[in-house]
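Peer 1: Any chance you can model this:
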Amino acid sequence: MMEMVKKLNKTLWLKCREYGVDSEMLHQIAKDELKIEHISECSIQELLFLIDRVCGKEAKAPSPRGMASPAQKGLILHLAEMLGWDDPKRLAGFIRKFAKVDSVDWLTKHQASAVIEGLKKLEQKKI
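Peer 2: Residues are numbered from 1 along each chain as shown. Coordinates of the predicted model:
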């Protein structure tokens with residue numbers, strides 16, 4: 001994994017040179033869009049995002065570190081829909097019970113997994 005990070009880091013700096021992006025500009029992108037102070041702190045996904053941005057490609061920033069992924073959030077919403085929960089307050093209450101937060105947007109990856117498992121159990125009981 002560290003080998004991949006090193007290769008991507010090297011690629012990032014090569015692309016910066018190729019596209020005329022200086023160190024200050026790259027660090028500003030990392031700070032503004034990824035909330036990262038040092039490029040050396042970047043994960044593989046974050047490095048790939050920065051490479052895309054430097055090359056001028058439209059890129060969606062990865063989820064903030066440790067937060068629920070878009071796929072997890074989508075699955076939670078889908079499971080709630082399968083349970084027939086039309087009222088958003090119902091899902092919010094369930095999330096509050098399992099994760100002690102008020103919104104699907106505030107879930108960490110671990111909390112999202114617990115909510116998903118809880119919703120799956122409810123879905124199985126429904127059958």
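
Peer 1: Low-confidence regions, the chain specifically.
Peer 2: 1, 59-65, 127 (pLDDT under 70).

Peer 1: Okay, domains of it per the record?
Peer 2: 2-54, 70-126 (automatic domain parsing).

Peer 1: Point out the other elements, helices or strands, that the helix or strand hosting Leu12 touches.
Peer 2: Assigned by DSSP states H and E, Leu12 belongs to helix 2-19. The contact analysis (3 or more C-beta pairs under 8 Å, 6 or more residues apart in numbering; DSSP states H and E) places helix 2-19 against helix 23-34, helix 44-54. Yep, even glycine has a C-beta here, placed from its N, CA and C like the rest.

Peer 1: Can you give the distance from it to the centre of its chain?
Peer 2: 22 Å (C-alpha atoms, centre = their mean, to the nearest Å).

Peer 1: Let's see it as CSV, backbone CA atoms only.
Peer 2: Output in CSV follows, covering the C-alpha atoms of helix 2-19 (Å, rounded to 0.1, in the frame of the first residue of the first chain):
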residue,chain,number,x,y,z
MET,A,2,2.8,2.4,0.8
GLU,A,3,4.4,1.6,-2.5
MET,A,4,1.2,2.7,-4.3
VAL,A,5,1.0,5.9,-2.3
LYS,A,6,4.7,6.6,-3.3
LYS,A,7,3.9,6.0,-7.0
LEU,A,8,0.8,8.2,-6.9
ASN,A,9,2.6,10.9,-5.0
LYS,A,10,5.3,10.9,-7.7
THR,A,11,2.7,10.9,-10.5
LEU,A,12,0.9,13.9,-8.8
TRP,A,13,4.1,16.0,-8.8
LEU,A,14,4.8,15.0,-12.4
LYS,A,15,1.3,16.1,-13.4
CYS,A,16,1.7,19.3,-11.5
ARG,A,17,4.9,20.1,-13.5
GLU,A,18,3.2,19.1,-16.8
TYR,A,19,0.1,21.2,-16.1
